[in-house]
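Chemist: Build the 3D model from these lines:
(one chain, ligands or ions: 1)
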Amino acid sequence: MKAIDLTDEHRQLYFVCLEDWSEEMKEAGNHKEIWYNKMKDKGLRVKLAIDENEQVGGMIEYMPIEYAFVQSSDHYFINCIWVHGYKKGRGNFQKRGMGKALLKAAEEDVKALGAKGMVAWGISLPFWMKASWFKKHGYKKVDSNKGMVLLWKPFSSDAVPPKWIKKKYIPELTPGKVTVTCFFNGQCPAYNIVHERAKKAAKEFGDKIIFHTINTNDKEIMHRYGEKDSLYIETKKVTKGPPLSYKKIKRGMAKRVNK
Ligand SMILES: CC(C)(COP(=O)(O)OP(=O)(O)OC[C@H]1O[C@@H](n2cnc3c(N)ncnc32)[C@H](O)[C@@H]1OP(=O)(O)O)[C@@H](O)C(=O)NCCC(=O)NCCS
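Modeler: Now for the predicted structure:
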């Protein structure tokens with residue numbers, strides 16, 4: 001098993017988080033590809049884990065922290081580490097050391113690039129992207145926002161700990177209408193799915209809903225709103241973890257429309 005840089009051959013597979021078998025992934029559209037094409041010359045790095053049969057089982061994506069939803073500089077930020085864990089498609093590659101190997105390869109890479117440290121996110125609960133997994137690999141919790149933990153591994157004695165960008169968004173509502181606001185930047189296919197579902201669901205309510213998309217692929221915008229990936233129905237933030245189903249999004253909208 002080894003970690004390799006992303007190749008042209010595997011690019012489409014990376015755009016769908018290695019889930020080329022998933023019907024749900026098709027709902028994500030081409031936002032990831034657009035985001036990748038913007039970021040590839042800005043220091044974005046992607047590595048894949050390949051097993052002894054040359055099968056891709058995992059991926060890690062990291063970039064200069066200056067582009068992340070974090071207040072920090074001179075570090076790299078792990079947007080995503082994912083070892084395919086479903087039985088479907090390519091199968092379950094977890095618990096074979098791929099995660100550990102990808103993290104090690106990424107850390108060595110950014111050290112060689114002169115970064116002062118690596119920063120990651122995780123959640124405090126024991127599922128999805130667990131903060132505890134990074135802790136096991138020497139990362140320390142430096143900040144937290146409603147269960148979203150920011151973790152840090154400094155490589156240099158003068159490295160300054162990072163902080164989350166603070167939430168500031170207060171939705172502007174239009175009287176007599178329901179306002180739905182979707183923040184997204186294309187990086188995460190899970191949120192791209194939420195964006196597409198929300199857009200489609202909002203259409204079902206015609207002019208009763210005003211739908212806003214705010215693209216957060218810009219640090220100034222992230223700072224202004226204090227948001228990166230989220231969906232608001234009126235003043236309520238409805239995204240809190242893995243992607244919401246179309247049914248749940250539509251139900252949330254219907255509740256407000258019928259009020
Ligand atoms: C976190 C994650 C990357 C770890 O991947 P992994 O390849 O399973 O990780 P590791 O290499 O660290 O191995 C995990 C466990 O398998 C064990 N293991 C490693 N190699 C092994 C082997 N050859 N045989 C048996 N066990 C092994 C490790 O000791 C470790 O055990 P522990 O959990 O008791 O410490 C993976 O679980 C994952 O992708 N989770 C979901 C994250 C997610 O949602 N990402 C998307 C974010 S948007």
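
Chemist: Work out for me the element the residue of the stretch 1-150 of the chain found nearest the ligand sits within.
Modeler: Among the residues of the stretch 1-150 of the chain, Gly99 lies closest to the ligand, at 2.4 Å counting by C-beta to the nearest ligand atom. The C-beta positions use only the backbone N, C-alpha and C, and glycine is treated the same way. Per DSSP states H and E, Gly99 falls inside helix 98-112.

Chemist: which helices and strands sit right next to that helix?
Modeler: The helices and strands touching helix 98-112, judged by 3 or more C-beta pairs under 8 Å, 6 or more residues apart in numbering; DSSP states H and E, are strand 2-5, strand 45-50, strand 56-64, strand 76-83, strand 117-123.

Chemist: what about the residue of the stretch 1-150 of the chain closest to the ligand, neighbour count?
Modeler: By the measure other C-beta atoms under 10 Å, the count of residues near Gly99 is 20.

Chemist: Thought His84 was touching it, still the case?
Modeler: No - using C-beta atoms under 8 Å, Gly99 is not in contact with His84; the gap is 10.9 Å.

Chemist: Now list whatever residues contact both of those two.
Modeler: Between them, Gly99 and His84 share these contacting residues under C-beta atoms under 8 Å, 6 or more residues apart in numbering: Gly58.

Chemist: interface residues of the stretch 51-200 of the chain facing the ligand?
Modeler: By C-beta under 6 Å from any ligand atom, the residues of the stretch 51-200 of the chain that approach the ligand are 80-83, 85, 94-100, 128-129, 133, 136, 188.

Chemist: Any of these buried? List them.
Modeler: Buried residues within these, defined by neighbour count using 16 or more other C-beta atoms under 10 Å: Cys80, Ile81, Trp82, Val83, Met98, Gly99, Met129, Trp133, Cys188.

Chemist: Next, count neighbours for Thr174.
Modeler: Thr174 has 9 neighbours, counted by other C-beta under 10 Å.

Chemist: meant to ask about Ala106
Modeler: By other C-beta under 10 Å, 22 other residues sit near Ala106.

Chemist: can you give me the helices for this protein?
Modeler: All helices of the chain, identified by DSSP state H, fall at 11-15, 31-39, 98-112, 131-136, 189-203, 219-225, 246-257.

Chemist: For the last one, the averaged confidence score.
Modeler: What that stands for is helix 246-257. What helix 246-257 shows for mean pLDDT is 96.

Chemist: Next, the buried residues of it.
Modeler: Here helix 246-257 shows Tyr246, Ile249, Lys250, Gly252, Met253, Ala254, Arg256, Val257 as buried, counting by 16+ other C-beta under 10 Å.

Chemist: Looking at these, which is nearest Val238?
Modeler: Nearest to Val238 among the buried residues of helix 246-257, counting by C-beta to C-beta, is Gly252 at 5.4 Å.

Chemist: residue contacts, that closest one?
Modeler: Gly252 makes contacts with Ile233, Lys236, Val238, as judged by C-beta under 8 Å, 6+ apart.

Chemist: Distance check, the residue of the chain most remote from its centre against Tyr14.
Modeler: Within the chain, the residue lying farthest from the chain centre (C-alpha atoms, centre = their mean) is Gly176, at 33.7 Å. Distance, Gly176 to Tyr14, by C-beta to C-beta, to the nearest Å: 44 Å.

Chemist: again, but for Gly57
Modeler: According to C-beta to C-beta, Gly57 stands 13 Å off from Tyr14.

Chemist: The two - which one has more neighbours?
Modeler: Just comparing Gly57 and Tyr14: by other C-beta under 10 Å the higher neighbour count belongs to Gly57, 24 against 18.
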